[in-house]
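> Next comes the sequence, and after it the predicted model I'd like to discuss.
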Amino acid sequence: MNFYTRKWVKPEDLNPNGSLFGGTLLRWIDEEAVIYAIVQLGNPHVVTKYISEINFVSSAKQGDIIELGIEATNFGRTSLTMRCVVRNKITRMVILSIDKLVFVNLDKDGTPTPHGKTEITYAYMGIEPNINKRD
Ligand SMILES: CC(=O)SCCNC(=O)CCNC(=O)[C@H](O)C(C)(C)COP(=O)(O)OP(=O)(O)OC[C@H]1O[C@@H](n2cnc3c(N)ncnc32)[C@H](O)[C@@H]1OP(=O)(O)O
């Protein structure tokens, strides 16, 4: 599992109890996972389809440095499934785990389309600049 992104928990990220707000953490995870999917599938038109049970294992507090880990677990025909772990960067204590996040590869009309990928790519694969242009 790769832990690419680190976050420093700041006052605006907290809930009224003074710990990291779950909704904020989920927003960070969704963005992290879709970027991972975009890079793996080489297509910027990817959407979140399904997120399984979310286990908030322990809380994070202001000033903590946390890291978000994503790993591809299955390459489908149009989908990519991943798992996610968030942990404290210093103590390595697990903060959250999600077993299954499914993202779907879309064509320019927003229809699921085969991505043709079967395994994790470690080298960065450039995304065609004009693939962003919608007709
Ligand atoms: C990053 C973001 O914030 S994106 C914003 C939030 N997400 C969205 O707005 C997406 C809204 N949803 C949609 O537009 C549609 O559901 C679509 C286009 C993603 C998919 O439409 P569907 O009719 O479900 O497509 P389809 O049945 O062809 O399934 C597509 C893939 O998703 C998989 N899938 C569909 N439903 C599920 C499910 N409940 N759980 C897991 N995988 C699923 C299918 O198995 C298929 O994968 P495969 O081709 O690898 O076998």
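Ah, there it is.

> Grab the nearest non-local neighbour of His115.
Once flanking residues are discounted, His115 sits nearest to Asn105: 4.1 Å by Cβ to Cβ, 6 or more residues apart in numbering. (Glycine included, C-beta is placed from N, CA and C.)

> gap between the one you found and Val86?
25 Å (Cβ to Cβ, to the nearest Å).

> Likewise for Ile54?
10 Å.

> wait, Thr117 sits on Phe75?
Actually, residue 117 is Lys rather than Thr. Yes - with contact defined as Cβ atoms under 8 Å, Lys117 reaches Phe75; the gap is 5.3 Å.

> Need the residues touching each of the two.
By Cβ atoms under 8 Å, 6 or more residues apart in numbering, Lys117 and Phe75 have no common neighbours.

> what's the neighbour count on Ile70?
For Ile70, the neighbour count with other Cβ atoms under 10 Å is 24.

> For it, grab phi and psi.
Ile70 adopts backbone torsions of phi -130, psi 140, taken as degrees, to the nearest 10.

> contacting residues for it?
1-2, 4, 32-33, 36, 82-84.

> hang on, the earlier thing: could you list everything the residue nearest to His115 pairs with in the sheet?
Val46 (DSSP bridges).

> repeat for Lys61
What pairs with Lys61, by the bridge criterion (DSSP bridges), is Ser19.

> Give the buried residues for stretch 97-117.
97-98, 101-106, 113, 115, 117 (16 or more other Cβ atoms under 10 Å).

> which of those residues sit farthest apart?
Ser97 and Thr113 (30.2 Å; Cβ to Cβ).

> related to what we said a few turns ago, now the buried residues of stretch 97-117 as JSON lines including secondary structure, distance to Pro16 and pLDDT?
Listed next are the buried residues of stretch 97-117 as JSON lines, based on DSSP: H, G, I helix; E, B strand; the rest coil; distance: Cβ to Cβ, whole Å; pLDDT from 0 to 100:
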{"residue": "Ser97", "secondary structure": "strand", "distance to Pro16": "24", "pLDDT": "98"}
{"residue": "Ile98", "secondary structure": "strand", "distance to Pro16": "24", "pLDDT": "98"}
{"residue": "Leu101", "secondary structure": "strand", "distance to Pro16": "28", "pLDDT": "98"}
{"residue": "Val102", "secondary structure": "strand", "distance to Pro16": "32", "pLDDT": "98"}
{"residue": "Phe103", "secondary structure": "strand", "distance to Pro16": "32", "pLDDT": "98"}
{"residue": "Val104", "secondary structure": "strand", "distance to Pro16": "35", "pLDDT": "98"}
{"residue": "Asn105", "secondary structure": "strand", "distance to Pro16": "39", "pLDDT": "98"}
{"residue": "Leu106", "secondary structure": "strand", "distance to Pro16": "38", "pLDDT": "98"}
{"residue": "Thr113", "secondary structure": "coil", "distance to Pro16": "43", "pLDDT": "98"}
{"residue": "His115", "secondary structure": "coil", "distance to Pro16": "42", "pLDDT": "96"}
{"residue": "Lys117", "secondary structure": "coil", "distance to Pro16": "43", "pLDDT": "94"}
